[in-house]
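Visitor: Could you look at this predicted model? Sequence included:
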Amino acid sequence: MTLSNVLKTASAAFMPLVFIASAAPAFAHVSLERGEAQGGASYKAVLKIPHGCDGSPTQTVRVEIPEGFIGVKPMPKPGWKLETVRGPYAKSYAFYHGKSLTEGVKQITWSGGELADEHYDEFVASGFLAKELEPGASLYFKVTQVCPKGELRWVEVPAEGQNPHDLEAPAALLKIASDETGAAPGTASITVGTLSIEGGWTRATPHGAKVAAGYLTIRNTGSEADTLVSVETPIAARGEIHDMTMTDGVMRMRRLADGIEIPAGGSVALKPGGMHLMFIDLKQPSVEGGKVAVKLTFKSGATAELELPIRKLGAAGDSSGGHQH
Ligand SMILES: [Cu+2]
């Protein structure tokens, strides 16, 4: 019996309101743990499956990946068989390593599992929200649950002007955040394991610029040292880790091939005139007020994805930068 049928039956029979109220939780919708996220940044889609099909256990969960959620990789689940269907995107999207993505995972199916109606579970896929997505845009993740008895199809999308709460089986919604709801200028922080990264920023680049630098502070609260070994960003063909040194009175930069060690209990600041992230072969200028997505990878395997706010050209110590390539 569908929810609207229940409601019709209930009202037709003048059943007490308490019946509807107590029945409602059984119809909790499939949803995303994080329902709003920035475009031009990585996103981990955590789909929450709150119940089975009217009492029957869920044995298959299938998700349609919405346009604009690119480079998607599903997380395997013990006890579930994982299958993906790839296909073309509606257009080409800028991605890490200077690549453009024109196709990728469009559908994910976890099957052969057993999620009891009275239990709850999460199904996860990691990817990148294309920077071409408009702030305020809605991405709908259509989800199908298949059970031994019946199935639930969370595929409804509200029509123009329709209240999504009126939908009986809405698809899970992800809103692309407007720029105003992003991190305050000059702050970009994230914690991964024992590492915390804060105070990140980059600066606006003139048209035709080939390189840009990124700055941030990495704190290691753990008992073992870790090393920043690489950086990637969708705005440049490649990322490197650099230091500045004074040779014969001239400031030069050099690549730190071994990365930057963050000592246990210590912190390292990447700042103008010193160590920095270098974005090489820029594909686009960085515009003041925007953000640059970066992905840092550490020797331990930890990765941190954050967004560096773009400060104005010539900001904070730019004159000492003297980037020579
Ligand atoms: Cu450099």
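Guide: Everything's here; your move. Numbers count the residues shown, from 1 in each chain.

Visitor: Near the ion, which residues of the chain are found?
Guide: Residues of the chain lying near the ion by C-beta under 5 Å from the ion: 242, 253, 278. C-beta here means a position set from N, CA and C on the backbone, and glycine is covered the same way.

Visitor: Where is pLDDT lowest across those residues?
Guide: Of all the residues of the chain next to the ion, residue 253 carries the smallest pLDDT score, 89.

Visitor: Next secondary structure after the helix or strand hosting that residue?
Guide: Assigned by DSSP states H and E, residue 253 falls within strand 250-255. The first helix or strand that comes after strand 250-255 along the chain, using DSSP H and E, is strand 260-262.

Visitor: which outside residues touch that following strand?
Guide: The contact list for strand 260-262 (C-beta atoms under 8 Å, 6 or more residues apart in numbering) reads 195, 218-220, 225-228, 241, 268, 270, 275, 298.

Visitor: Which is the succeeding secondary structure element to that strand?
Guide: strand 267-270.

Visitor: Bridge partners for the closest residue to residue 214 other than its chain neighbours, pull those for me.
Guide: Distances taken as C-beta to C-beta, 6 or more residues apart in numbering put residue 277 closest to residue 214, at 3.6 Å, once the chain neighbours are dropped. Here residue 277 sits in beta bridges with residue 214, residue 241, going by DSSP bridges.

Visitor: Got a ChimeraX select line for the buried ones in the residues of the chain next to the ion?
Guide: Here is the ChimeraX selection string for the buried members of the residues of the chain next to the ion, based on 16 or more other C-beta atoms under 10 Å:
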select :242,253,278
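
Visitor: quick one: which of the residues of the chain next to the ion is nearest to residue 263?
Guide: Using C-beta to C-beta, residue 242 is the member of the residues of the chain next to the ion that lies nearest residue 263, at 19.8 Å.

Visitor: What residues of the strand holding residue 253 count as buried?
Guide: Neighbour-count burial for strand 250-255 flags residue 253 (criterion: 16+ other C-beta under 10 Å).

Visitor: same deal with stretch 29-45?
Guide: 29, 30, 31, 32, 37, 38, 39, 40, 41, 42, 43, 45.

Visitor: Which ones among these lie within strands?
Guide: Mapping these onto strands (DSSP state E) picks out 31, 32, 37, 41, 42, 43, 45.

Visitor: Could you find the lowest-pLDDT member of those residues?
Guide: Lowest in pLDDT among those is residue 41, which has 84.

Visitor: That one reaches residue 292, doesn't it?
Guide: No. Using C-beta atoms under 8 Å, residue 41 is not in contact with residue 292, being 9.9 Å away.

Visitor: rewinding a little: how about the buried residues of stretch 29-45, which pair is most distant?
Guide: Greatest spatial distance among the buried residues of stretch 29-45 (C-beta to C-beta): 29 and 40, at 27.8 Å.

Visitor: For stretch 112-121, give me every contacting residue.
Guide: 48-53, 55-61, 77, 79-81.

Visitor: Return the members of those classed as buried.
Guide: 49, 51, 52, 53, 56, 57, 58, 59, 60, 61, 77, 80.

Visitor: In strands, which of those appear?
Guide: Of the buried ones among the contacts of stretch 112-121, the ones assigned to strands by DSSP E are 49, 58, 59, 60, 61.

Visitor: Where does residue 97 sit: helix, strand or coil?
Guide: Classification of residue 97 using DSSP: H, G, I helix; E, B strand; the rest coil returns helix.

Visitor: Distance check, it against the ion.
Guide: 18 Å (C-beta to the ion, to the nearest Å).

Visitor: burial of that residue, as a residue count?
Guide: 11 (other C-beta atoms under 10 Å).

Visitor: please begin residue numbering at 719 from this point
Guide: Sure thing, new numbering starts at 719, so read that last one as residue 815.
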